[in-house]
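Asker: give me a 3D structure for the following:
(one chain, ligands or ions: 1)
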Amino acid sequence: MLIAGNWKMYKGPSEALAFCRAFVPPEGVEIVVCPPFSALREAMATGLTVFAQNVHWEREGAFTGEVSAEMLLELGVAGSIVGHSERRRYFGETDETTARRAKRALDAGLAVVACVGELEEERERGETPAVLHRQVSVLPRHERLVVAYEPVWAIGTGKTATPEIAQQAHGLIKTILDAPVLYGGSVKPENAEELLVQRDVDGALVGGASLDIDSFTAICETAARLSRS
Ligand code: PEP
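Answerer: Okay, here's the model as predicted:
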C-alpha cells in the first residue's frame, strides 16, 4: 500500500520542513510526499521519501521552467508525478508528453506516478473505458511505474468516486497495464477506508487532505491498519 501526498503549489521550504519534521509515518505503509520543486531539499532532509510533481523528458536543454530526471536524482529525489490533470488542463500536457516524461524518468532511475482519469462529460457520455485505454496504453511498462486513477471531476471538488466506481476503473486499468494503481480524488480520513479496501486499489494519491498533518496522518494510519490486517 502506497500513500502519496501531492502538495500542488502549496508549502514553501520552511513550511515543508516543519510539516515533515512533525509528521510521524506509521509502520507498514509506504509514504511519499510531493512538495513543490523549491521545497524538495528540505522535505528530503527529514528522511521522508520525496517525489517531485513533474519531470522533463530531456537531460538538459532550452526548456525554461522545466527540471530533468538527472537534476532530481542529484538532489536525492526518488520519483515524480507525471500527467496530473492540473498539468493537462492548465499547461497543455497530453497523453504523449505524459508518456515521454514517464519513460525518461523511469529510464533515468526515478519511480513514477502517472495520473490518468476521465473528465465529467466523458463519464456522462460513457467514454470512461475508452479514455482510460487511451491514457494508459501509451505508458511505458516498468517495475517502478505506478498509475494513479484520478477522475478529474473528483479532484479538489469534494466529490469522491464511489468505491464501486473506483474498483471498476482500477480493474480496467489493470487489464491494460500490470502496475499498482492508486486512487486520487478528494480522499479524506472519512472515506479512505472504503476506497482502500477495494481489491484493485493499491493506495491513494491525496491532494488537499495531505496539506494538513492530522488528516494526512489519519489517512496513512488507515492504510497501515488495512495493510496489517
Ligand atoms: C490530487 O491533487 O492529486 C488530488 C487527488 O487532489 P484532491 O485530493 O484535493 O482531490
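
Asker: and the closest residue to the ligand within the chain, what does it touch?
Answerer: Taking Cβ to the nearest ligand atom as the measure, the chain has Gly207 as its residue closest to the ligand, at 2.0 Å. To be clear about C-beta, it is placed using only N, CA and C from the backbone, and glycine gets the same treatment. Contacts for Gly207 (Cβ atoms under 8 Å, 6 or more residues apart in numbering) come out as Asn6, Lys8, Ile155, Gly156, Gly184, Ser186, Val187.

Asker: now, these that are in strands?
Answerer: Using DSSP state E, the subset of the contacts of Gly207 located in strands is Asn6, Gly184.

Asker: now the residue of the chain most remote from its centre, what's its secondary structure?
Answerer: Of all residues in the chain, Ala62 has its C-alpha farthest from the mean position, at 27.1 Å, by Cα atoms, centre = their mean. Of the three states, Ala62 takes coil according to DSSP: H, G, I helix; E, B strand; the rest coil.

Asker: and it, how far from Asn54?
Answerer: Using Cβ to Cβ, to the nearest Å, we find Ala62 at a distance of 17 Å from Asn54.

Asker: could you list the buried residues of the longest helix seen in the chain?
Answerer: Longest helix of the chain, by residue count under DSSP state H: helix 213-228. For helix 213-228, a neighbour-count test (16 or more other Cβ atoms under 10 Å) marks Ser215, Phe216, Thr217, Ala218, Ile219, Cys220, Glu221, Thr222, Ala223, Ala224, Leu226 as buried.

Asker: which of those come close to the ligand?
Answerer: Contacts with the ligand within the buried residues of helix 213-228, as defined by Cβ under 6 Å from any ligand atom: none are present.

Asker: and for Asn191, nearest residue in space, chain neighbours not counted?
Answerer: Distances taken as Cβ to Cβ, 6 or more residues apart in numbering put Thr160 closest to Asn191, at 5.2 Å, once the chain neighbours are dropped.

Asker: please identify the helix or strand for the one you found.
Answerer: For Thr160, there is no enclosing helix or strand under DSSP states H and E.

Asker: wait, it sits on Gly184?
Answerer: No. Using Cβ atoms under 8 Å as the test, Thr160 is too far from Gly184 to be in contact (10.1 Å).

Asker: returning to that earlier point: which among the buried residues of helix 213-228 gets closest to Met44?
Answerer: Set against Met44, the nearest of the buried residues of helix 213-228 by Cβ to Cβ is Phe216 (17.3 Å).

Asker: picking that back up, looking at Thr160 and Gly184, which has the bigger crowd around it?
Answerer: Taking other Cβ atoms under 10 Å, Thr160 and Gly184 do not tie; Gly184 has more neighbours (28 against 20).
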